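S.K.: Coordinates only, no sequence provided:
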């Protein structure tokens, strides 16, 4: 653009007006305002250097609730910097790595809102049993005999490998020896919220409630500055934790600003015993003690009357819905549709592999959708997009991580997953989010990124000594089988 009285350096042929054609580099001074008959010189911009540009067929952002086609995701220094049309992205960015994923849907990383990761080593150890028989006669005795830092480290490595391969980028754990779990999760590059567990009875990990809490707090202090490792307070359940312990946890939750993660209303027996011993339902008791609130995550919630639903809604509490485990243990079916009608934040969890027996969030999404429809007689209950939100952003928000993960939004951490719809069993595809929930499975996951780092590349774990892990699993299986046979 040339202006009256301006010095202009022209370095190539360009017709400025009918009677002035500059053929070489000259300096022009205009005494009269020129009339331009062609556009001004195009400004050449230098492409912006970034670490990664991913170009899938579709992107389900979740927040906002849109599905974008032929768009690209730009990532730099572990964060999402832009979401824009692919052609524009190629012009604007110069990525160190460019990944083109035809026939793929990109989704936010899945958030497993409730699990016991190390219990993968007890997968299938005791099946077809009600909850209390399963716990008291099989799981707790096995833990008493074998739970140790090495057990938790190896079991959590196995869990992380399984979850990563199935598109899970963050898990909320409740188990013993959280230091070992943190080491395993960080080794595989996974995001984890680890439980500061509390129980009243002794285990190989701790002697009493104060011992559990103090040990957990010490581990939290050691990992305080790790970018992928966080902590929750994790009282096991109202029937295993005393009022005095809950009161201490309420104080700690306020002081540390961390969530509280607790099994609640899982079985009818639990509620009946609470009414007999305390004259209150478990949730009413927890509300009286000050536990309920935006930082509270109630796990299971299979048996909730209107009063209990109102308590969760008015306090802003969240629920971790674990449909497979609830069915397998015959605990019940959580009234998720009624929860959502009241505005209760509901996320999805797998529970532990000892009671599921998979850490498969694709299976949980599909089962959650089908149970909501079948239990209400309403085919419109829990549509696919809402189920995806439950498995991603709702879980993140329950953990206090909603501003960091859970959606493909510029500014957030680059935690996302590529799901392939290339196989014949996924064609044709009219609605990619419906396909994700009702057609695809975890074997369709091809790539996983956490904080911009590729953890699964073409269905292969990037960081994992598989031979060493398989040897460790075989060793623990032998030990557990010998004990069970004896």
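M.R.: Looks like it came in fine. A quick note: this is a predicted structure, and the numbers were derived from the prediction, not measured.
S.K.: Let me know whether residue 264 touches residue 284 as I believe.
M.R.: No: using CB atoms under 8 Å, residue 264 is not in contact with residue 284; the gap is 10.9 Å. In this view, the C-beta of every residue, glycine as well, is placed from N, C-alpha and C.
S.K.: Between the two, which is the more surrounded one?
M.R.: Taking other CB atoms under 10 Å, residue 264 and residue 284 do not tie; residue 264 has more neighbours (32 against 17).
S.K.: Next, the residue nearest to residue 63 when sequence neighbours are not counted: phi, psi?
M.R.: Once flanking residues are discounted, residue 63 sits nearest to residue 407: 3.7 Å by CB to CB, 6 or more residues apart in numbering. Residue 407 adopts backbone torsions of phi -150, psi 160, taken as degrees, to the nearest 10.
S.K.: now swap in residue 359 and tell me
M.R.: Dihedral angles for residue 359 - degrees, to the nearest 10 - are phi -110, psi 70.
S.K.: Check the gap between it and residue 480 for me.
M.R.: Counting by CB to CB, to the nearest Å, the separation of residue 359 from residue 480 is 18 Å.
S.K.: between the two, who's got more neighbours?
M.R.: More crowded of residue 359 and residue 480, by other CB under 10 Å: residue 359, with 31 against 17.
S.K.: hang on, the more buried one packs against residue 118?
M.R.: No: taking CB under 8 Å as the definition, residue 359 is not a contact partner of residue 118, at 11.5 Å.
S.K.: Quick check: neighbours shared by the two?
M.R.: Residues touching both residue 359 and residue 118 (CB atoms under 8 Å, 6 or more residues apart in numbering) are residue 159.
S.K.: packing partners for whichever helix or strand residue 467 is part of?
M.R.: Residue 467 belongs to helix 466-485 when assigned by DSSP states H and E. With contacts taken as 3 or more CB pairs under 8 Å, 6 or more residues apart in numbering; DSSP states H and E, helix 466-485 sits against helix 140-146, helix 149-165.
S.K.: which stretch among the ones you listed comes nearest residue 276?
M.R.: The closest of these to residue 276 is helix 140-146. By CB to CB, the value is 22.5 Å.
S.K.: List the buried residues for that closest one?
M.R.: Across helix 140-146, burial judged by 16 or more other CB atoms under 10 Å covers 142-143, 146.
S.K.: For residue 232, which three-state class applies?
M.R.: Three-state call for residue 232 (DSSP: H, G, I helix; E, B strand; the rest coil): strand.
S.K.: in the sheet, who's paired with it?
M.R.: Residue 232 forms beta bridges with residue 195, as assigned by DSSP bridges.
S.K.: all helices in the stretch 351-486 of the chain, in order from the N-terminus.
M.R.: 361-376, 384-389, 395-398, 432-438, 466-485 (DSSP state H, counting those that start in this stretch).
S.K.: Can you name the residues in contact with the second one?
M.R.: Outside of helix 384-389, the residues that reach it under the criterion CB under 8 Å, 6+ apart are 60, 62, 65, 107, 340, 348, 365-366, 368-369, 431, 433-434, 436-438.
S.K.: How far does that helix sit from its chain's centre?
M.R.: Put simply, helix 384-389 sits 13 Å off its chain's centre (CA atoms, centre = their mean, to the nearest Å).
S.K.: what mean pLDDT would you report for that helix?
M.R.: For helix 384-389, mean pLDDT rounds to 98.
S.K.: same deal with the longest one?
M.R.: Summarised as a single mean, pLDDT over helix 466-485 is 88.
S.K.: now swap in stretch 58-68 and tell me
M.R.: For stretch 58-68, the mean per-residue pLDDT is 97.
S.K.: In it, which residues are buried?
M.R.: Buried residues in stretch 58-68, counted by 16+ other CB under 10 Å: 58-63, 67-68.
S.K.: Check stretch 215-223 too.
M.R.: Buried positions in stretch 215-223, judged by neighbour count with 16+ other CB under 10 Å: 215-216, 219-220, 223.
S.K.: does the residue nearest to residue 63 really touch residue 106, like I thought?
M.R.: No: using CB under 8 Å, residue 407 is not in contact with residue 106, being 11.6 Å away.
S.K.: Could you check which of those two has the larger neighbour count?
M.R.: residue 106 (26 against 23).
S.K.: helix or strand for the more buried one, which one?
M.R.: When elements are assigned from DSSP H and E, residue 106 belongs to strand 93-108.
S.K.: from the buried residues of helix 140-146, which is closest to residue 312?
M.R.: Closest approach to residue 312 among the buried residues of helix 140-146 (CB to CB): residue 143, at 30.1 Å.
S.K.: Near residue 465, how many other residues are there?
M.R.: For residue 465, the number of neighbouring residues by other CB under 10 Å comes to 12.
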